[in-house]
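**Student:** A structural model of the following input is requested.
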Amino acid sequence: MSCRLSELVLNCNDPARLADFWCAVLGYVVLDRDGEDIEIGPESGFGGLAPTIILAKVADAGQARNPLRLHFDVNPVDRDQEAELERLLTLGARPADVGQTGEEEWHVLADPEGNEFCLLRRRIADL
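**Tutor:** As a prediction, the model looks like this:
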């Protein structure tokens, strides 16, 4: 028996702002709202191949109860890496420095609240 990743929870200060950002990045839609918390995911909803993301409102996301360092890796599906980088920067992502050498095949970015994620080079199929 095994488990499958079904949802990710991202503690944040402004769930609506991050929902807009991550929906645009991933092609997701808002699936549910519970108070200030927002669940986003593929149009097919929870339980499919792609996990949903719950953007959970916390008073100070930088002081969240779980100090686990987690970041997303994303891959372009319908354009090359440079075109996708330009799109992500237009959406509000910004370059992040985590000690890269400049020789990496990926870009390290931060979402509007500073959560780091990587844009990988390889194009993958859309779901």
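
**Student:** which parts of this protein are helices?
**Tutor:** Remark: helices assigned in the chain by DSSP state H are 15-26, 81-91.

**Student:** contacts for stretch 76-86, please.
**Tutor:** By C-beta atoms under 8 Å, 6 or more residues apart in numbering, the surrounding residues in contact with stretch 76-86 are Arg87, His107, Leu109, Leu119, Leu120, Arg121, Arg123, Ile124, Ala125, Asp126. Yep, even glycine has a C-beta here, placed from its N, CA and C like the rest.

**Student:** contacts only, for the closest residue to Glu43 other than its chain neighbours.
**Tutor:** Nearest residue to Glu43 in three dimensions, chain neighbours excluded: Val29, at 5.5 Å (C-beta to C-beta, 6 or more residues apart in numbering). Contact partners of Val29, counting by C-beta under 8 Å, 6+ apart, are Cys23, Ile40, Gly41, Pro42, Glu43.

**Student:** follow-up on the earlier one: most tightly packed of the helices of the chain?
**Tutor:** Sort the helices of the chain by mean neighbour count, taking mean count of other C-beta atoms under 10 Å, and helix 15-26 sits at the top with a mean of 19.

**Student:** quick one: that helix to helix 81-91, angle?
**Tutor:** Angle between the axes of helix 15-26 and helix 81-91 is 160 degrees (criterion: axes from the mean of the first three to the mean of the last three C-alpha atoms, to 10 degrees).

**Student:** pull the residues that contact helix 15-26.
**Tutor:** Outside helix 15-26, the residues that touch it by C-beta under 8 Å, 6+ apart are 10, 12, 28-30, 36-38, 40, 53, 55-57, 74, 88, 91-93, 111-113, 115.
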